[in-house]
Structure formats: C-alpha cells, structure tokens
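1. sharing a sequence plus its predicted fold:
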Amino acid sequence: MSSWGSQWNRWDDDRSWRSRDWHQDNYSQRQDSTFEVKSSIRDNELPSSFRPDEYHLDISRNPPLHRTVQATAWSRKQGIAGLPVEQVTVASLARNGLEEWSLRPLSAGRYTGMVLTRSIAEGVLCSRILHHLRNKQWDIDMMAEQIFRDTHPDLPIPNKHSEAKDFIDPMSLKVIEVLDKYAQVKPSSSNTSSQVGALQEKLRRYEQKANEHGIQLTPTKTGPQNIANDQNEARIRADKRLPLFDAHAPPEKKTKIMECSLDSLMQPKTPQTQTSNIKDVKQWCSEFRQEMTAETSKQFDKFAEKASKILTNVKKPELQAAAVKWGLPFQLGTSPPKTLTQFITVSAFKAG
C-alpha cells in the first residue's frame, strides 16, 4: 500500500507522483523524532457513550480508541504515526494510494463509503467481490430482499436504510455458506510488533510525566547491604523451618470470572467451526447442562441470566448471524430467537 505524507506538495519535478518512495523524506523525519499532532476533537464533541482520558478518545471498550495513531512499523511506513485519528486521510489508507480508482468518484462528489479492513487479503477480497458485482450490474437491493424473503418468510423486510445490516446480513451469510467448505481456521495470534510499539510509547509518556514531577522510574540496584539482609532473613526462615510452600497441598480453587457482554456474545474471540453433531438445538443445550458439576452449574446460571438480559433486545437476524459464528449449522439458523439465545449462551460459556 502506497502512502500519502503530509508534505505532498513538495516533491521534485523530476519525480513521478506515482513513485511509492516519494514520501521517504517525510517518513525519515517522523521516524527519527517523536512526531505528534494535537487532536482537534474536544471531549464534549464525542459520542455520549465514550469515556475519554488524556491519551484516548474512548476507553470504555477494548481495544481503546487512541487520540493519535500509535507508532508501529506499519503506521510509520504509511507516514501517519502520531497523527490524530480523525486527520488520517483516505488516500493514506487506500491500497493503491492516489491511484485507487474509487477516489475518482469521490473527487467528483459522488457517494463513497469505506470498509476498514485489517489485512491486505481482506482488502483485496472485498475489492474484487465489489468489482465482479459491478461488472455483473446486479441489483443488490433486489437480491438482498429476495434472499431475506426466502430465509425469513415470516418476518417483515427490514428497512434497507435504517436497518441496512439486518437487510443485507442473510445475503452475506449465503456467501459465507458457499465459502465454508473451503474454510481453514486461522490460529489466533496477537500483533506482537503493534503491542510492543504501543507499550514503548506508553512507557515513554510515563517517563516524561515522572521526570516532570522529579520521580525516578529506574529501579535501584541491589547493594551489598541489601544482599546481606536477604541472606540473614533466609537463615531465620530455615532455622524456624518455615516452608515456602507445600508441594503436596491441593491447589487453591479460583472462581472463574466469565466475560459476559454484548460483544463477547455476538462475536467469538476465535473462529468457530460448525458443530456438525447438532440435530436439535434444545437437546444439545440440555445435554450440555446435564454434564455440568454443581459448581459449574452455579456459574452457568449466573452467566445465562446476564446473557439473557443482554440478548433480549437483539433482533433475530443478528442472533442468527451470531449463532452461525458460534458454530450453529446454517440449516438450523431459522430456530426461534429463544433457542438461538440458548445456543449462543452455551457456546460462549464453553468458550470462556
């Protein structure tokens, strides 16, 4: 993906604007120094659900929304590290930079939407699917309406503007259904470089704040006197025969804290394969309950009570989509909302 630096009007006449390296002068400046621009968004302009702090626009959900783009290998390469999130340009995120064809209708003032992807593969897949759809000149609205009627004959057609997600979702599930037989579950892996970059940036800020208040963060090295005191304490413990731990003592039982939120119920943390042995959802849930111990049963009751309250107002198409993500076979997706809620609850509890 080519990038679009902030000094785009300073390239030499000898250089082609198509070159992927024209931004390197600006990139090297940002890499060698801490480049950060103050966000222009005020806290009172944020959505009411946001909880801002000094470095974040919102910390109410994970991951948090940083005020500025954090310094990572990718963000530095794109020339956006340190920029306020709201000032990142469309061209800097486009896979082909200014050569991205969709920027042309945008420049003409025509409707242009964005789908933010998390990998090159996702971006290319979305782009190619849209390319083929446009070449076919299919009416997406009519197709989505027909698929919704076939999938949910007893439900009214959602409004394609105010309920666009519910309107389109059955159609998108049809695409997933076709691709499912080729699916290879990708093992979850954390973006190590991104996490390291974020931690380094956080540490830098803590050190800067500590220095302003005269606080030394570097730990004091252990001197000879401290070593001698530690040795004396060790001898006293040995004389009194105080064991540091009992190797034969049974491990302490820790109560497992289950996460139960709308996000955790509607979206598994890791991709789930379809549970092919499910013939009847209610029976499957009942069999799971029978296998529980008394302690696990208590935990599940509390979890199920929370999950039921959270999912009460979720519409059926969304419950169907979530249940399929948790591994429910497509042919059972027409189950009643109560049954779908039970399946999601049990699946989330088992995964947790």
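-> Perfect, I can see it now. Residues are numbered from 1 along each chain as shown.

2. who touches the helix or strand hosting Phe303?
-> According to DSSP states H and E, Phe303 maps onto helix 294-311. Residues outside helix 294-311 that contact it (C-beta atoms under 8 Å, 6 or more residues apart in numbering) are 255-256, 258, 260-262, 265, 289, 292, 319, 341, 344-345, 348-349, 352. (Glycine included, C-beta is placed from N, CA and C.)

3. just the buried residues of these.
-> Listed as buried from the contacts of helix 294-311 are Met258, Cys260, Leu265, Leu319, Thr341, Ile344, Thr345, Ala348, Phe349; burial here means 16 or more other C-beta atoms under 10 Å.

4. quick one, what contacts Arg289?
-> So Arg289 contacts Ser297, Phe300 (C-beta under 8 Å, 6+ apart).

5. how close does it sit to Ala304?
-> 10 Å (C-beta to C-beta, to the nearest Å).

6. before we move on, back to that, let me see the mean pLDDT of the helix holding Phe303.
-> Per-residue pLDDT over helix 294-311 has a mean of 86.

7. next helix or strand past that helix?
-> Following helix 294-311 in sequence, per DSSP H and E, is helix 316-325.

8. got the angle for that next one vs helix 294-311?
-> Going by axes from the mean of the first three to the mean of the last three C-alpha atoms, to 10 degrees, helix 316-325 is angled at 140 degrees with respect to helix 294-311.

9. outline the domain layout of the chain.
-> Split into domains by automatic domain parsing, the chain comes to 8-100, 138-182, 262-351.

10. shaky segments in the stretch 101-250 of the chain?
-> 185-202, 213-250 (pLDDT under 70).

11. and with 50 instead?
-> Scanning the stretch 101-250 of the chain for pLDDT under 50 picks out 189-190, 221, 240-247.

12. tell me which stretches of it form helices.
-> Using DSSP state H, counting those that start in this stretch, the helices found in the stretch 101-250 of the chain span residues 103-107, 120-136, 140-151, 164-179, 192-212, 224-239.

13. helices or strands up against the shortest one?
-> For helix 103-107, the packing partners by 3 or more C-beta pairs under 8 Å, 6 or more residues apart in numbering; DSSP states H and E come out as helix 90-93.

14. could you list the buried residues of the helix it packs on?
-> Applying 16+ other C-beta under 10 Å to helix 90-93 flags Ala91, Ser92, Leu93 as buried.

15. try stretch 133-151
-> Here stretch 133-151 shows Ala144, Glu145, Ile147, Phe148, Thr151 as buried, counting by 16+ other C-beta under 10 Å.

16. is it correct that Leu319 is in contact with Pro337?
-> Yes: here Leu319 reaches Pro337: they are 5.6 Å apart, a contact under C-beta atoms under 8 Å.

17. in space, what's closest to Phe288 - neighbours in sequence excluded?
-> Val346 (5.4 Å; C-beta to C-beta, 6 or more residues apart in numbering).

18. now Ile41
-> Closest to Ile41 by C-beta to C-beta, 6+ apart is Glu86, at 5.8 Å.

19. measure Ser347 to Val324 for me?
-> Separation of Ser347 from Val324 (C-beta to C-beta): 11 Å.

20. next: Pro336.
-> Counting by C-beta to C-beta - Pro336 and Val324 are separated by 15 Å.

21. likewise for Thr117?
-> From Thr117 to Val324 the distance is 21 Å (C-beta to C-beta).

22. so for the two, which residue has more residues nearby?
-> Relative neighbour count places Val324 above the other of Thr117 and Val324, with 21 against 15, counting by other C-beta atoms under 10 Å.

23. just to check, that one is in contact with Leu173?
-> Yes: counting by C-beta under 8 Å, Leu173 is a contact partner of Val324 at 6.4 Å.

24. list residues touching both of those two?
-> Among the neighbours of Val324, those also in contact with Leu173 (C-beta under 8 Å, 6+ apart) are Phe330, Gly333.

25. still on that earlier bit, in helices, which of the contacts of helix 294-311 fall?
-> Using DSSP state H, the members of the contacts of helix 294-311 that fall in helices are Leu262, Leu265, Arg289, Leu319, Thr341, Ile344, Thr345, Ala348, Phe349.

26. dump the residues you listed into a markdown table; add pLDDT as well.
-> Formatted as a markdown table, the ones in helices among the contacts of helix 294-311 follow (pLDDT from 0 to 100):
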| residue | pLDDT |
| --- | --- |
| Leu262 | 85 |
| Leu265 | 86 |
| Arg289 | 76 |
| Leu319 | 85 |
| Thr341 | 89 |
| Ile344 | 88 |
| Thr345 | 88 |
| Ala348 | 86 |
| Phe349 | 87 |
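
27. and the residues you listed, which two are furthest apart?
-> Greatest spatial distance among the ones in helices among the contacts of helix 294-311 (C-beta to C-beta): Leu262 and Arg289, at 23.4 Å.

28. now do the contacts for the closest residue to Ser264 other than its chain neighbours.
-> Spatial nearest neighbour of Ser264, excluding adjacent residues (C-beta to C-beta, 6+ apart): Ala348 at 6.4 Å. Applying C-beta under 8 Å, 6+ apart, we find Ala348 in contact with Cys260, Ser264, Leu265, Pro268, Phe303, Ala307, Trp326.

29. do the same with Gln87
-> So Gln87 contacts Val37, Ser40 (C-beta under 8 Å, 6+ apart).

30. correct me if wrong, but Leu57 is in a strand.
-> Yes: when DSSP: H, G, I helix; E, B strand; the rest coil is applied, Leu57 is found to be in a strand.
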